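Enquirer: Below: sequence and its predicted model.
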Amino acid sequence: MASPNDQLNPDKLNQIIQRDFDFIFELRHLGESSPSNPRLWGEFIRDKYDHQTIRRMYVRLLMSQVEGTIATMKAETLERTSRLSIGEQAALAEASYDIDDSGNVRQRPNFPKFLNNVRFAFRTYAKIQDISFVPDYGGKGWQSFREVVDIRNRLTHPKQPEEMVITDAEMVTVDEAHDWFVESYRGLLTQVIDKLKARPQKS
């Protein structure tokens, strides 16, 4: 079964996204919370752009970072499918299948809803690693993450100029969403590493 990332190198993709995200993160805080060098900020950004430009780029890159990480998780999961059902394998490959008029199997793309895809990637990755990790889907972090998806969708499909504005309160929500995702991914990897360390050493 084909991987959803046959044409990609997920690790390299994530390196590019992370570098872009780090750059925007620094610009955002240089302009909004670190007046130590206002001349640099003015010459570099403020004379041409406003904080909203940086905020929009920040949200978009955060979601790209999430999507890149999820793609990597799914690609790694597809390499170890013995614990997965046929349906889970097809969902990981983002494909559905039927039979055409000639009796041949026909593959069609199947793109899951974003939030469902995040939960699915965490669940199946934990499953193939045989660990019990589940992110906290009941707290403020997950709620903030859901809200940021709505913000991203609003920026991607705006109908009014006001929909392009990201408020201070929304930026707090963005930071909470970012923290939730990083902590969830780190928690997942920590359990994987702990399990590897607990394995008996071969003599």
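Expert: Sure, I can see it.
Enquirer: Let me see the contact set for the most centrally placed residue in the chain.
Expert: Taking CA atoms, centre = their mean, the centroid of the chain lies closest to V66, which sits 1.1 Å from it. The contact partners of V66, taken as CB atoms under 8 Å, 6 or more residues apart in numbering, are 118, 181. Heads up, the C-betas are built off the backbone N, CA and C, glycines and all.
Enquirer: let's see it at 10 Å
Expert: With contacts defined as CB atoms under 10 Å, 6 or more residues apart in numbering, V66 is in contact with 17, 114, 117-118, 121, 145, 148-149, 152, 177-178, 181-182, 185.
Enquirer: Could you check which helix or strand contains the nearest residue to D179 once chain neighbours are set aside?
Expert: Once flanking residues are discounted, D179 sits nearest to G141: 6.4 Å by CB to CB, 6 or more residues apart in numbering. Applying DSSP states H and E as the criterion places G141 in helix 140-156.
Enquirer: Next: F120.
Expert: Counting by DSSP H and E, F120 is part of helix 114-129.
Enquirer: and what of F21?
Expert: helix 10-32.
Enquirer: so where is this protein shaky, pLDDT-wise?
Expert: 1-11, 13, 29-50, 202-203 (pLDDT under 70).
Enquirer: can you give me how far stretch 111-125 is from the chain middle?
Expert: 10 Å (CA atoms, centre = their mean, to the nearest Å).
Enquirer: And for stretch 16-30?
Expert: Its chain's C-alpha centre and that of stretch 16-30 lie 15 Å apart, by CA atoms, centre = their mean.
Enquirer: and what of stretch 194-203?
Expert: The chain centre lies 30 Å from the centre of stretch 194-203; the measure is CA atoms, centre = their mean.
Enquirer: what's the neighbour count on R119?
Expert: For R119, the count of nearby residues is 15 (other CB atoms under 10 Å).
Enquirer: Provide a list of residues in contact with it.
Expert: Contact analysis of R119 by CB under 10 Å, 6+ apart lists 112-113, 134-135, 137, 142.
Enquirer: Just the buried ones from these?
Expert: 135, 137, 142 (16 or more other CB atoms under 10 Å).
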